[in-house]
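In: Give the three-dimensional model of this entry:
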Amino acid sequence: MSEPGRAVPNDAVRPRRPSLSFPDDNAPLYTVGQVAEMLGVQAAFLRRLDSEQLVSPGRSPGGQRRYSRLEIDHIDAINGLLDEHMTLAGAKRIIALQADVAALQQKLAAYETTCTPEPTSSADLKSVPSQDDPTSDGRP
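Out: Residues are numbered from 1 along each chain as shown. As a prediction, the model looks like this:
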């Protein structure tokens, strides 16, 4: 017989538990108090970020704010910018610009995968007519 808190021997038969499913990073699970404690900030700071539309936490059926892991990471990034003496408006602008850059990088990556590659060798370049060459009729 095993002691409480100790592992059951391998030869013991245990009922199999169903696999646990964990919510995704977008699931609004954390309360204002939990997030404030995690990040070492005041609850009023979190409410201000919501009122300034820097984050948009979900709401419980009772109307309380609920934050996801992604929102917590976002708040942490904003807090880091404020620690670097940025204003809230400046931090909001930087976060928006970072999001724009990320979106453009995704578009560029998608574009690069659909485009034909540019000529890379000097032989390839010689076979491409120059648009600046008046003697060229545009045919290879």
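
In: Quick one: the helices in this structure, in order.
Out: 32-39, 43-51, 69-83, 88-114, 122-127 (DSSP state H).

In: Can you get me the start-to-end distance on stretch 25-44?
Out: End-to-end distance of stretch 25-44 (CA to CA, to the nearest Å): 24 Å.

In: Which helix or strand in this structure has the lowest average pLDDT?
Out: helix 122-127 (a mean of 59; mean pLDDT, DSSP states H and E).

In: I'd like the helices of the chain laid out as TSV, including distance to Gly58.
Out: For every residue, glycine as well, the C-beta is placed using N, CA and C. Listed next are the helices of the chain as TSV, based on distance: least, CB to CB, whole Å:
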stretch	distance to Gly58
helix 32-39	12
helix 43-51	11
helix 69-83	9
helix 88-114	19
helix 122-127	55
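
In: could I get those helices as JSON lines with distance to Gly62 and mean neighbour count?
Out: Conversion of the helices of the chain to JSON lines gives the following (distance: least, CB to CB, whole Å; neighbours: other CB atoms under 10 Å):
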{"stretch": "helix 32-39", "distance to Gly62": "13", "mean neighbour count": "16"}
{"stretch": "helix 43-51", "distance to Gly62": "16", "mean neighbour count": "15"}
{"stretch": "helix 69-83", "distance to Gly62": "19", "mean neighbour count": "16"}
{"stretch": "helix 88-114", "distance to Gly62": "28", "mean neighbour count": "11"}
{"stretch": "helix 122-127", "distance to Gly62": "67", "mean neighbour count": "10"}
